[in-house]
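**Q** next one to model:
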Amino acid sequence: MAATASMADTAAWYCAIVLVVLVLLGPARETSLADEQMGGMIRVADRPCDEIYVVGEGETLQTISDKCSDPFIVENNPHIHDPDDVFPGLVIKIIPSQPRKELRER
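**A** Okay, here's the model as predicted:
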């Protein structure tokens, strides 16, 4: 019985170590893939304007509005009570008033 418990403990530790390694290496792989796709230059200003947008570090509603061609961000997002209180991670809805430049070039 003790041998079975010991093997189970050993297997559990190996699984835990593998999971930790995967968790730690996963974001590094994603970052390197994004670097390759964007030529090594990842900037907040280059992020796409999807219908659901997550505010990034250093962004304001004005910069997002200019980038995404949506002058009515505050009106379309009733959960934004103060336009000056925008923080990284805030989820907003984007409704562009005109097609993005990138879409027109393709």
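**Q** for Ile94, give its distance to Asp84.
**A** Counting by C-beta to C-beta, to the nearest Å, the gap from Ile94 to Asp84 is 19 Å. (Glycine included, C-beta is placed from N, CA and C.)
**Q** neighbour count winner among these two?
**A** Ile94 (20 against 7; other C-beta atoms under 10 Å).
**Q** residues contacting that one?
**A** 49-53, 64, 68, 70, 73, 76 (C-beta atoms under 8 Å, 6 or more residues apart in numbering).
**Q** tabulate the CA atom coordinates of stretch 91-98 in CSV.
**A** Taking C-alpha atoms only, stretch 91-98 is exported to CSV below (Å, rounded to 0.1, in the frame of the first residue of the first chain):
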residue,chain,number,x,y,z
VAL,A,91,-13.7,46.4,-21.7
ILE,A,92,-15.5,48.7,-24.1
LYS,A,93,-17.7,48.3,-27.1
ILE,A,94,-16.4,49.8,-30.4
ILE,A,95,-18.7,50.8,-33.3
PRO,A,96,-16.5,52.4,-36.0
SER,A,97,-18.1,55.2,-38.0
GLN,A,98,-15.8,54.4,-40.9
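**Q** buried stuff in that stretch?
**A** Neighbour-count burial for stretch 91-98 flags 92, 94 (criterion: 16 or more other C-beta atoms under 10 Å).
**Q** same thing with stretch 70-82?
**A** 70, 73, 77, 80.
**Q** just the closest of those to Pro88, please.
**A** The shortest approach to Pro88 among these belongs to Ile80, at 14.4 Å (C-beta to C-beta).
**Q** the closest one - that's part of a helix, no?
**A** No - counting by DSSP: H, G, I helix; E, B strand; the rest coil, one finds Ile80 to be coil, located in no helix.
**Q** which residues in the protein form strands?
**A** 52-54, 91-93 (DSSP state E).
**Q** and of the ones you listed, who's closest to Leu19?
**A** Of these, nearest to Leu19 by C-beta to C-beta is strand 52-54, at 26.4 Å.
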